[in-house]
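Participant: Quick check, what structure comes out for this input:
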Amino acid sequence: MPWLDTRPLTDAVERLAERLRALPQSTLQRGAAAEGLSLARELALLAQRLEFPGNCRSRVLPDAGVFAVGDQLAVAGHDVVAALEAAPPAVAESALREALHLLESSPLSSRGAFPRGATGA
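Facilitator: Now for the predicted structure:
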């Protein structure tokens, strides 16, 4: 097991990604997809900062459409986990807290604006 427990991050990313995948098209188009893409982009930028410290050129995650956003969130989240596992401990701990905060403060989280019933689950 790695020295840093990334399971809470992996679990939160998977939960939100599944939530996005289960939303109806109308809810995705009303803003859930945009929120998911914004979150995925933030996580992708965090992963890039961890993997390439000091590099001021960031790549922006493209908009692949409302039906792909759940997968984009999952990929970006798993990229953060991989980058955390390779990062120095002090940097990784801080970045893990940042990633968890991004997920928890998202309107897509269980505390957010999209009620659980909207997932169809």
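Participant: tell me which element the nearest residue to G65 once chain neighbours are set aside falls in.
Facilitator: Closest residue to G65 apart from its sequence neighbours, by Cβ to Cβ, 6 or more residues apart in numbering: A33 at 7.9 Å. C-betas here are computed from N, CA, C, even on glycine. Assigned by DSSP states H and E, A33 belongs to helix 33-51.
Participant: repeat for L73
Facilitator: Counting by DSSP H and E, L73 is part of helix 69-86.
Participant: For G54, pull up the helix or strand it's in.
Facilitator: G54 belongs to no helix or strand when assigned by DSSP H and E.
Participant: how near is it to A12?
Facilitator: 28 Å (Cβ to Cβ, to the nearest Å).
Participant: Also A44?
Facilitator: 16 Å.
Participant: likewise A32?
Facilitator: Counting by Cβ to Cβ, the gap from A32 to A12 is 16 Å.
Participant: Give me the more crowded residue out of those two.
Facilitator: Each of A32 and A12 had its neighbours counted (other Cβ atoms under 10 Å), and the higher figure belongs to A32 (25 against 19).
Participant: ok so, going back, show me what counts as buried in the helix holding L73.
Facilitator: Within helix 69-86, the residues that qualify as buried are 69-70, 72-81, 83-84, counting by 16 or more other Cβ atoms under 10 Å.
Participant: For it, which helices and strands make contact with it?
Facilitator: Packing partners of helix 69-86 (3 or more Cβ pairs under 8 Å, 6 or more residues apart in numbering; DSSP states H and E): helix 7-22, helix 33-51, helix 89-105.
Participant: quick one: average pLDDT of the shortest one?
Facilitator: Throughout helix 7-22, pLDDT has a mean value of 97.
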